[in-house]
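Engineer: coords please:
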Amino acid sequence: MNSSGLSDDKLAALSSIYISLLSLSLIGSCSILVLSIVKRRHLNEQAKPLFQLALADFLASLVLIGATIINFLSYTTIPISEVLCTDLLPLSLTFYCISFLLVIIYACESAHTAQGWREQGEAEHRRQSQRSWRAFDFLYIFVWLIPLIGYVIYIRTMSLSLVSYIPASKDSNNGENVWTDTRFCNSCILFLQLHIDNNFCPTVDLHHNNLIRGFTFASVLSVLTCCTLVYWRLQSWYRHYEQAGIFRDSQGCTGRIWSSARYMILVIIFCWTPALVVICLSFACSESDRLFPLFVIQAISVSLQGFLNSIVYAWRRRNFREAVLGERLPLLPYANRAFFEQSLSETRQ
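Structural biologist: This next block holds a predicted model:
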């Protein structure tokens, strides 16, 4: 076995961690999917973003589980497994990218909902809301289509040569090393290929590895930056009306905004910081065996994204739980909402 590669036992351990924790994400995302359909009337407009976010997380976890199971297939299926791995790992990253984009849209929709009702009359607000929701509908279509089109282009341009590395005779002098190297070179672990030397495993495509690095960095940093800016502007907006003496409970409302936003942003940081560290170290260190503890941390953090999102965006929120339990309260009630003029008159009383 080459000293820089992972042993079979370590590959099996990583695969087991992925499968077990991704199962939690499947359960969490599936619960939101089912409830978003069954309780759609009670969840109101929030059913759509919750459903799509849960769907993206569910598909990402499902595809990544399928890719990880490949590591337990027999050697006789290695050529087929390699083809599946080169297709499934980028597909899982595509669905994670869609999840990031949906998180950004969720933040924008939340800010739009919170701000619009205070500054307009009821009739004007309803007209503008209809236009805004139609715009969001088109945006949802692009959020799904553009990453999937990019994935198809990526797969079409893959120059990875699928060469069989199964030795002709297992009784050759270096037969054991060839078998082990074959298992390592064709392992289907997220971002592990970034740490494999092209001289050791000729199947590694350096150009596409660089594309994966840039794509992952851009996706994670974009969602962190956008969500932070959106929620910071929303907090500034509340403080503006607090200084004008319009909001009675602005401080508490601002605290609730940042409480929710903080958890949403922390989920992304927790889940993807280890992965970004793994990617950064791939430029300087190709000895994956020395980085095995970091790969374990990455497996735990990335696998839990769907589960944590289901808690932060749904189960942690009291109004979601009330709607799910059958309370006659929509998640975002529009009928009895106070508008700017009504709130101003109430404040003066």
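Engineer: hey, let's count contacts and neighbours off CA atoms from now on
Structural biologist: OK.
Engineer: check contacts around T228.
Structural biologist: Under the criterion of C-alpha atoms under 8 Å, 6 or more residues apart in numbering, the contact partners of T228 comprise A261, I265.
Engineer: Helix or strand: which one has it?
Structural biologist: helix 206-243 (DSSP states H and E).
Engineer: by how many degrees do the biggest helix by length in the chain and helix 206-243 diverge?
Structural biologist: Ranked by residue count, the top helix of the chain under DSSP state H comes out as helix 78-119. Taking axes from the mean of the first three to the mean of the last three C-alpha atoms, to 10 degrees, one finds helix 78-119 and helix 206-243 inclined to each other by 20 degrees.
Engineer: is it true that I69 touches I17?
Structural biologist: No: in this structure I69 lies outside contact range of I17 using C-alpha atoms under 8 Å: 11.3 Å.
Engineer: tell me which element the closest residue to Y106 other than its chain neighbours is part of?
Structural biologist: What sits nearest to Y106 in space, not counting adjacent residues and going by C-alpha to C-alpha, 6 or more residues apart in numbering, is P49, at 6.4 Å. Here P49 is covered by helix 47-69, with elements defined by DSSP H and E.
Engineer: ok, residues contacting that helix?
Structural biologist: Contacting residues not belonging to helix 47-69 are listed as 15, 18-19, 22-23, 25-26, 29-30, 32-33, 36-37, 40, 84-85, 88-89, 91-96, 98-99, 102-103, 106, 188-189, 303, 305-306, 309-310, 313-314 [C-alpha under 8 Å, 6+ apart].
Engineer: filter those residues to the buried ones?
Structural biologist: In terms of neighbour count (16 or more other C-alpha atoms under 10 Å), the buried residues within those are 15, 18-19, 22-23, 25-26, 29-30, 32-33, 36, 40, 85, 88-89, 91-96, 98-99, 102-103, 106, 188-189, 303, 305-306, 309-310, 313-314.
Engineer: thinking again about what came up before, can you check what angle separates the longest helix of the chain from helix 47-69?
Structural biologist: 160 degrees.
Engineer: Point out where the stretch 51-200 of the chain drops to low pLDDT.
Structural biologist: In the prediction, the stretch 51-200 of the chain carries residues with pLDDT under 70 at positions 74-80, 112-133, 159-184, 186, 197-200.
Engineer: Try it again at 50.
Structural biologist: Of all residues in the stretch 51-200 of the chain, those with pLDDT under 50 make up the ranges 118, 160-180.
Engineer: How about the stretch 201-349 of the chain?
Structural biologist: The low-confidence ranges in the stretch 201-349 of the chain, as defined by pLDDT under 50, are 250-251, 328-349.
Engineer: mind listing the strands for it?
Structural biologist: Under the criterion DSSP state E, counting those that start in this stretch, strands are not mapped anywhere in the stretch 201-349 of the chain.
Engineer: Name the nearest residue to S282, ignoring sequence neighbours.
Structural biologist: H195 (5.2 Å).
Engineer: Which residues are in contact with L224?
Structural biologist: L224 makes contact with I265, I268, according to C-alpha under 8 Å, 6+ apart.
Engineer: can you do 6 Å?
Structural biologist: Contacts were defined as C-alpha atoms under 6 Å, 6 or more residues apart in numbering; by that measure L224 touches no other residue.
Engineer: Going along the chain, name the helices of the stretch 151-300 of the chain.
Structural biologist: 175-185, 206-243, 250-281, 292-303 (DSSP state H, counting those that start in this stretch).
Engineer: ranking these by burial, who's on top?
Structural biologist: Most buried of these, by mean neighbour count (mean count of other C-alpha atoms under 10 Å): helix 292-303, with a mean of 20.
Engineer: one step back: count the residues that sit near the residue nearest to Y106.
Structural biologist: Residues lying near P49 (other C-alpha atoms under 10 Å) number 19.
Engineer: Distance check, it against R40.
Structural biologist: The gap separating P49 from R40 is 12 Å, by C-alpha to C-alpha, to the nearest Å.
Engineer: before we move on, what about V152?
Structural biologist: Per C-alpha to C-alpha, V152 is found 33 Å from R40.
Engineer: do the same with A299
Structural biologist: Separation of A299 from R40 (C-alpha to C-alpha) stands at 34 Å.
Engineer: likewise L88?
Structural biologist: L88 is 32 Å from R40, where distance means C-alpha to C-alpha.
Engineer: ok, now C227?
Structural biologist: Counting by C-alpha to C-alpha, the gap between C227 and R40 amounts to 26 Å.
Engineer: Not counting stretch 294-309 itself, show me its contacts.
Structural biologist: With C-alpha under 6 Å, 6+ apart, stretch 294-309 has contacts from Y18, L21, L22, L24, S25, G28, S29, D57, C271, P274, A275.
Engineer: go again using 8 Å as the cut-off
Structural biologist: By C-alpha under 8 Å, 6+ apart, the surrounding residues in contact with stretch 294-309 are 14, 17-18, 21-22, 24-29, 54, 57-58, 61, 264, 267-268, 270-272, 274-275, 278.
Engineer: export it as CSV, just CAs?
Structural biologist: Extracted in CSV, the C-alpha atoms of stretch 294-309 (Å, rounded to 0.1, in the frame of the first residue of the first chain):
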residue,chain,number,x,y,z
LEU,A,294,-10.0,15.7,9.2
PHE,A,295,-11.8,13.4,6.7
VAL,A,296,-13.8,12.0,9.6
ILE,A,297,-14.8,15.4,10.8
GLN,A,298,-15.8,16.4,7.3
ALA,A,299,-17.9,13.2,7.0
ILE,A,300,-19.7,14.0,10.2
SER,A,301,-20.3,17.7,9.4
VAL,A,302,-21.3,17.5,5.8
SER,A,303,-23.6,14.5,6.4
LEU,A,304,-25.6,16.4,9.0
GLN,A,305,-26.6,19.4,6.9
GLY,A,306,-30.1,18.1,6.0
PHE,A,307,-30.8,17.0,9.6
LEU,A,308,-29.7,20.4,11.0
ASN,A,309,-31.6,22.4,8.3
